[in-house]
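Participant: What follows is a predicted protein model with its sequence.
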Amino acid sequence: MLKLGVNIDHVATLRQARYRGMERGEPDPIAAALLCEQAGAHGITAHLREDRRHIIDRDIVALRKAIRTRLNFEMANAPEIVEIALAVRPDIVCLVPEKREEISTEGGLDVVGHEASLKETIRLMKESGIEVSLFVDPDLAQIEASARVGAQFIELHTGAYAEVFHQKAERNRELERLVAAAERGYQVGLRVNAGHGLNRENLPLLHVVPHLEELNIGHSIISRAIFVGLEKAVQEILQAMEGYGGKPQTLSAP
């Protein structure tokens, strides 16, 4: 069964717009996480960025205590954040690139260029019983490097696919890249997740990508929740995920 991890970062974004630096504020990302679980989400994702623009340290600690599913801690491979992850002990960390000027994570991690430092961080996480995923573009060299450094998972960056979804030829090229990347990941012993830019409209075509275990989706769920409520927004995504078989298919997107 394809699982859903809900990224609650942008609940915290809205809180920080008014309550940054304060002890309390609304909306509460912890309460949002519990609603997502209640609606059927299989896990909660939160990104503790170095600039603390949305999720902050107390959120991660509170999430670890409160949620009953699976905590996916997105993070840069930065010493301060590594120390926090080792202290909090989430179920899994997803290492992502991070630029202070970006609005959201814009691309995949350069595993090829940072193998030594990633190996060390992955070693530390594994020694603490924390699984490790690497957020990578659907690039075969990056996927092969992800296996070399010892990650258990990759999360395929679906942002390029989402951006060209309404352009048939470009969309199909991106789907082909994702299919090839998922196949290669599976061949080299990696478990495969995906995320970024996914929504109710573009998700069904992603079913052609094999071997997926989990999708991590945030912005579209939080945006949709403004109109229909958080629980229904989660349930709509779960419905769009239904019927995923996980097997290789012939690409025949309309």
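Facilitator: Nice, thanks for sending it over. Numbers count the residues shown, from 1 in each chain.

Participant: any low-confidence regions in the protein?
Facilitator: 99-106, 250-254 (pLDDT under 70).

Participant: 90 instead?
Facilitator: The chain contains residues with pLDDT under 90 at 23, 98-107, 246-254.

Participant: could you pull out the helices for it?
Facilitator: For the chain, applying DSSP state H gives helices covering 9-19, 29-39, 57-66, 79-88, 115-127, 140-148, 159-163, 168-187, 219-228, 230-241.

Participant: of those, which approaches Asn72 most closely?
Facilitator: helix 57-66 (10.1 Å; CB to CB). Using the backbone N, CA and C atoms, a C-beta is placed for each residue, glycine as well.

Participant: Pull the residues that contact the closest one.
Facilitator: 12, 29-30, 33-34, 44, 46, 48, 71, 73, 84, 88-90 (CB atoms under 8 Å, 6 or more residues apart in numbering).

Participant: Could I get the buried residue list for stretch 193-204?
Facilitator: 193-200, 202-203 (16 or more other CB atoms under 10 Å).

Participant: So which of these belong to strands?
Facilitator: Members of the buried residues of stretch 193-204 lying in strands (criterion: DSSP state E): 193-195.

Participant: Span of stretch 62-81 from start to end?
Facilitator: 16 Å (CA to CA, to the nearest Å).

Participant: For it, buried residues please.
Facilitator: In stretch 62-81, counting by 16+ other CB under 10 Å, buried: 63-64, 67, 69-77, 81.

Participant: now swap in stretch 215-223 and tell me
Facilitator: 215-222.
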